[in-house]
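[1] Below is the sequence, then the predicted model.
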Amino acid sequence: MRLIISGGGTGGHIYPALAVIEDLLQQEPDSEILYVGSERGLEGGIVKKQGIKFIPLEIQGFKRSLSIENFKTVSLFLKSVKKSKQIIRDFRPDVVIGTGGYVSGAVVYAAARMKVPTLIHEQNSVVGLTNKFLSRFVDKIGVGFEAAKGQFPAKKVEFVGNPRAQQVANMKSDFKWSSIGLSDDKRTVLIFGGSQGAPRINSAVVDTITKFSQRDYQVVFVTGQKRYDGIMQELTNIKVADNVKVLPYIDNMPSVLPKVDLIVGRSGATSIAEITALGIPAILIPSPYVTADHQTKNTLSLVENDAALMIKEPELNGESLLKSIDHLMLDNQQREHMAEQSKKMGVVDSAIGYLT
Ligand SMILES: CC(=O)N[C@H]1[C@@H](OP(=O)(O)OP(=O)(O)OC[C@H]2O[C@@H](n3ccc(=O)[nH]c3=O)[C@H](O)[C@@H]2O)O[C@H](CO)[C@@H](O)[C@@H]1O
């Protein structure tokens, strides 16, 4: 099969696209894949590292308020549609898939206009702007939450789960914490604020980081690539204990996640799909800065099922963070219960096949 796929901006859109590619290559190893992404998003680095052919487009998002920048946005979009048409003519794909983010809007729209079969995947329960726009033009729509179905034309939409969930659930991991200087025998807490790191979570961790030295668990603190240097600067005069590892980013999350005892982080759609696919106990701090507060909705669905605890961002600080982590790390029974409840919510038989 010849596939053009596009998903951009943040990890939540990129990793589901990579899961689709991995699945397709397992089924049809001779497939030709082209990833079209934005110049500015995380995808350039992530996709190229995987050895997948990547073409960047220059594109930017709409400002929700009246802004002169929106004229530039429209002009860049139209140029990207034109470039996408050329890319499609050259590559001759059998299908074009979009997994969200502005860039996928241009690519999938161009394909639909050229009558190439198109499909989009929506990870969130609240539909993103790009997918809402594309839903009028595409042939099929796969959604990761049942709740998203009603927001799309009924004839096109199908619940398929999140392809990334199936990928992590199928992973046979031989990852060892000792490969990053930690112990293989200690229970491990992984703290990360989505694919880009979250300043409020980072500050709370920095405030309490010395206290982790007195604990019998270990902590992996992922700052986000762009925030790492700043955090290391803040930590210059602070003694970080041996049981804490500070990292800018984790490239091999599917291998790492099965070895984690507790996750502390945001509740973006793809993180939630991973957490529930594996049944990992979690403390979730929803981002209040996202469309229709969808991360709080994501979080509550887990909290109501006893699968996670929530700390609202205004209540987050070093003390509340440490208290919640300690509470769960001391209570093996509660963690086990959370793990079971979480796993019950996981959708790991996502119909990736449907997407290709
Ligand atoms: C601020 C913002 O707009 N956030 C949105 C964005 O979040 P974002 O992309 O951060 O969130 P997600 O939780 O959906 O996905 C993060 C992905 O990055 C991976 N990861 C993260 C850190 C790391 O070091 N290594 C790594 O591989 C995670 O395992 C996961 O696969 O897209 C999501 C899916 O559309 C939305 O629900 C979020 O609301």
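    Looks like it came in fine. Numbers count the residues shown, from 1 in each chain.
[2] ok, longest helix in this structure?
    helix 69-91 (DSSP state H).
[3] Show me what it is packed up against.
    Here helix 69-91 is seen to pack against strand 2-6, strand 32-38, strand 53-57, helix 102-113 when contacts are counted using 3 or more C-beta pairs under 8 Å, 6 or more residues apart in numbering; DSSP states H and E. Every residue, glycine included, has its C-beta placed from N, CA and C.
[4] which bits of the stretch 1-150 of the chain sit near the ligand?
    Contact residues (C-beta under 6 Å from any ligand atom) of the stretch 1-150 of the chain with the ligand: 10-13, 15, 100, 123-124.
[5] Which of the residues you listed sits closest to I209?
    Nearest to I209 among these, counting by C-beta to C-beta, is G11 at 24.1 Å.
[6] Surely the closest one touches S195?
    Yes: with contact defined as C-beta atoms under 8 Å, G11 counts as touching S195 (2.8 Å).
[7] any residues in contact with both of these two?
    Common contacts of G11 and S195, defined by C-beta atoms under 8 Å, 6 or more residues apart in numbering, comprise 42, 268.
[8] just for the stretch 201-350 of the chain, where's the confidence low?
    The stretch 201-350 of the chain contains residues with pLDDT under 70 at 350.
[9] Give me every residue in it lying close to the ligand.
    222, 249-250, 253, 266, 268-271, 274, 287, 290, 295.
[10] run the last query once more with 8 Å
    222, 224-225, 247-254, 257, 265-274, 287, 289-291, 294-295, 298 (C-beta under 8 Å from any ligand atom).
[11] related to what we said a few turns ago, the helix or strand just after the longest helix of the chain packs against which elements?
    For helix 69-91, the succeeding helix or strand toward the C-terminus, using DSSP states H and E, is strand 95-98. Applying 3+ C-beta pairs under 8 Å, 6+ apart, we find strand 95-98 packed against strand 2-6, helix 102-113, strand 118-122, helix 129-134.
[12] Any idea what V246 is bridged to?
    F221 (DSSP bridges).
[13] Nearest residue to R40 in space, please, no chain neighbours.
    Once flanking residues are discounted, R40 sits nearest to Q60: 7.4 Å by C-beta to C-beta, 6 or more residues apart in numbering.
[14] Apologies, that question was intended for Y249.
    When the adjacent residues along the chain are set aside, Y249 lies closest to Q225, with 4.7 Å between them (C-beta to C-beta, 6+ apart).
[15] how many neighbours does the one you found have?
    Number of residues near Q225 (other C-beta atoms under 10 Å) recorded here: 15.
[16] Now do the same contact list for it.
    Contacts of Q225 (C-beta under 8 Å, 6+ apart): 42, 196-197, 248-249.
[17] picking up where we left off before, who touches the longest helix of the chain?
    Contacts for helix 69-91 (C-beta under 8 Å, 6+ apart): 2, 4, 32, 34, 36, 55, 57-63, 96, 102-103, 105-107, 109-111, 113-114, 116.
[18] That one to helix 102-113, inter-axis angle?
    Going by axes from the mean of the first three to the mean of the last three C-alpha atoms, to 10 degrees, helix 69-91 is angled at 50 degrees with respect to helix 102-113.
[19] CA atoms only for helix 69-91, dumped as PDB, please.
    The C-alpha trace of helix 69-91 is given here as PDB (Å, rounded to 0.1, in the frame of the first residue of the first chain):
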ATOM      1  CA  GLU A  69      -2.300  36.800  12.200                       C
ATOM      2  CA  ASN A  70      -5.300  34.900  11.000                       C
ATOM      3  CA  PHE A  71      -4.800  36.300   7.500                       C
ATOM      4  CA  LYS A  72      -1.300  34.800   7.500                       C
ATOM      5  CA  THR A  73      -2.800  31.600   8.800                       C
ATOM      6  CA  VAL A  74      -5.300  31.400   5.800                       C
ATOM      7  CA  SER A  75      -2.500  32.300   3.300                       C
ATOM      8  CA  LEU A  76      -0.200  29.600   4.700                       C
ATOM      9  CA  PHE A  77      -3.100  27.100   4.700                       C
ATOM     10  CA  LEU A  78      -3.800  27.700   1.000                       C
ATOM     11  CA  LYS A  79      -0.100  27.400   0.100                       C
ATOM     12  CA  SER A  80       0.100  24.200   2.000                       C
ATOM     13  CA  VAL A  81      -3.000  22.800   0.200                       C
ATOM     14  CA  LYS A  82      -1.300  23.600  -3.100                       C
ATOM     15  CA  LYS A  83       2.000  22.000  -2.000                       C
ATOM     16  CA  SER A  84       0.000  19.000  -0.700                       C
ATOM     17  CA  LYS A  85      -1.600  18.500  -4.100                       C
ATOM     18  CA  GLN A  86       1.800  18.400  -5.700                       C
ATOM     19  CA  ILE A  87       3.100  15.900  -3.100                       C
ATOM     20  CA  ILE A  88       0.000  13.700  -3.700                       C
ATOM     21  CA  ARG A  89       0.500  13.900  -7.500                       C
ATOM     22  CA  ASP A  90       4.100  12.800  -7.100                       C
ATOM     23  CA  PHE A  91       3.600  10.100  -4.400                       C
END
